[in-house]
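Participant: A structural model of the following input is requested.
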Amino acid sequence: MAGLLKAFGLDKVAKLGQIVKEHGGLKASLYHLYWTDDLKIGKQVGEDKYGNKYFQNDQYFYGKNRWIIYNPKDGVDYDASMVPAEWFGWLHYKTDKTPLEKAPVQYAWLPDHTPNTSGGTAGAGTLRGSSNAYMPYTTTKPKIESWVPPQK
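Facilitator: Model prediction:
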């Protein structure tokens, strides 16, 4: 029977049903899909002090089997700079041990992690309303101005 389901691709439909159930129903799954552009299920391996949750599922391909769900207070205005260094190493396969399994070395001279606030539309707590946002145009007056013909 399982071979017949796989032959017709119905095992994928069963997997979708399991994913929707894990996310809390159709409405919650659609919201999660809007929020993260992906529907995955996996084991939560940890959470950092900023409220970001980290997941792993080794049934997915290497490179896609570890992911992060950003803190919901950031909404869809999340940025990769919101990942602290200790979790960055785990997400990018520099180590197989999470910071909870093997704590990173802490030095007194290391500053606390802060996200890059130069982009986006928020401030220090999130990325909303940044005062040092990147401007894609020049803000200085040009030294040479183009010639405009006189009007008749």
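Participant: mind checking which helix or strand of the chain has the lowest mean pLDDT?
Facilitator: Of all helical and strand segments in the chain, the minimum by mean pLDDT, DSSP states H and E falls on helix 2-7, at a mean of 70.
Participant: which other helices and strands contact the helix or strand following that one?
Facilitator: Sequence-wise, the next helix or strand downstream of helix 2-7 (DSSP states H and E) is helix 10-22. Packing contacts for helix 10-22, counted by 3 or more CB pairs under 8 Å, 6 or more residues apart in numbering; DSSP states H and E, involve helix 2-7, helix 26-36. (Each C-beta comes from the backbone N, C-alpha and C, glycine too.)
Participant: a markdown table for these, including distance to Trp90?
Facilitator: Below are the helices and strands packed on helix 10-22 laid out as a markdown table (distance: least, CB to CB, whole Å):
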| stretch | distance to Trp90 |
| --- | --- |
| helix 2-7 | 33 |
| helix 26-36 | 19 |
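Participant: tell me which of those sits most buried.
Facilitator: Greatest average neighbour count among the helices and strands packed on helix 10-22 goes to helix 26-36 (a mean of 13), per mean count of other CB atoms under 10 Å.
Participant: only alpha carbons, please: show that one as PDB.
Facilitator: Backbone C-alpha positions of helix 26-36 (Å, rounded to 0.1, in the frame of the first residue of the first chain) are rendered in PDB as follows:
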ATOM      1  CA  LEU A  26      -4.600  25.700   8.100                       C
ATOM      2  CA  LYS A  27      -4.800  29.300   9.200                       C
ATOM      3  CA  ALA A  28      -1.600  29.100  11.300                       C
ATOM      4  CA  SER A  29       0.200  27.300   8.500                       C
ATOM      5  CA  LEU A  30      -0.700  30.000   6.000                       C
ATOM      6  CA  TYR A  31       0.400  32.700   8.500                       C
ATOM      7  CA  HIS A  32       3.700  30.800   9.000                       C
ATOM      8  CA  LEU A  33       4.200  30.500   5.200                       C
ATOM      9  CA  TYR A  34       3.600  34.200   4.800                       C
ATOM     10  CA  TRP A  35       5.900  35.000   7.600                       C
ATOM     11  CA  THR A  36       8.900  32.700   6.700                       C
END
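Participant: alright, I will stop here.
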